[in-house]
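In: Build me a model:
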Amino acid sequence: MPASATATAPRTFWSEAALAAAVDAAFAEALAEELAAALADATPARPAITLPDTDTLIRQAGIVTGPCPSDPHTPSATGRFLKKASVITARAAWWLLKHTTLCAGVLLVGALRVTWHLAAERMPSPDRAIAPADFLEATSEHIKTRGWTQFVMESRRGVCLLGAERDLIRSGTGTRATASEANTHLLVATGSRSLPGWNDQLTRTEAQVHQALLVAAARARAAR
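Out: Here you go, the predicted model:
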């Protein structure tokens, strides 16, 4: 290095290269500051962007706030009540129809059974030819077997005069014509106008009934 160059360099720099580097750095820094200031002056200041608030955005978008209106497809309380009432009414009608039909069927079956039994009871056996005297004696025997009662045709205690005759006719022992002819003799023997009235007298006894039947039978036999 020349002596003159060494004499002019500051003591803080040991070489010209270091000094040149420092000068370049200072120059570059100064240039950068000038460029930044120039650019700042040339660029106009942009206005600050002010964003609208939330209410403004909702209003601009057409969004309606507040309670949501009821769904037109959702029935009202009255509609729901009427619907439930109609369901209950339909179920009640079905229950009533089912049980009414069941009761009617049971009653019909019961009526058919009763009718069948009555028809079977009323269906007499083939009539046997029997004289009024024999019919009266058969009536007495039937009362001895079943027992004798008053005020009803038939009871647990037994049968009355006409009840006994009815049983004989149902069994085929004689006919209504036979019973009518036999009763004519029985009315004469008892001296009464009505066999039920005579049978139901409070002082009447079963022994008197048998005696009257046998007396009437003897009278009918003698009349033949």
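In: which residue ranges form the helices in this structure?
Out: Along the chain, counting by DSSP state H, helices occupy 3-8, 16-42, 54-60, 77-122, 132-146, 161-170, 176-190, 195-199, 206-223.
In: Which of those helices comes out lowest on mean pLDDT?
Out: The weakest mean pLDDT among the helices of the chain belongs to helix 3-8, with a mean of 45.
In: Which one, of the helices of the chain, ends up nearest to Met153?
Out: Closest approach to Met153 among the helices of the chain (C-beta to C-beta): helix 161-170, 3.9 Å. Quick note: C-beta positions are derived from backbone N, CA and C, even for glycine.
In: what would the helices of the chain look like in TSV with distance to Glu154?
Out: Conversion of the helices of the chain to TSV gives the following (distance: least, C-beta to C-beta, whole Å):
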stretch	distance to Glu154
helix 3-8	167
helix 16-42	136
helix 54-60	98
helix 77-122	12
helix 132-146	8
helix 161-170	5
helix 176-190	16
helix 195-199	13
helix 206-223	15
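In: Can you add distance to Ser155 and mean neighbour count and give those helices back as JSON lines?
Out: As requested, those are arranged in JSON lines below (distance: least, C-beta to C-beta, whole Å; neighbours: other C-beta atoms under 10 Å):
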{"stretch": "helix 3-8", "distance to Ser155": "167", "mean neighbour count": "9"}
{"stretch": "helix 16-42", "distance to Ser155": "136", "mean neighbour count": "10"}
{"stretch": "helix 54-60", "distance to Ser155": "98", "mean neighbour count": "10"}
{"stretch": "helix 77-122", "distance to Ser155": "17", "mean neighbour count": "10"}
{"stretch": "helix 132-146", "distance to Ser155": "10", "mean neighbour count": "20"}
{"stretch": "helix 161-170", "distance to Ser155": "9", "mean neighbour count": "20"}
{"stretch": "helix 176-190", "distance to Ser155": "21", "mean neighbour count": "18"}
{"stretch": "helix 195-199", "distance to Ser155": "13", "mean neighbour count": "16"}
{"stretch": "helix 206-223", "distance to Ser155": "14", "mean neighbour count": "17"}
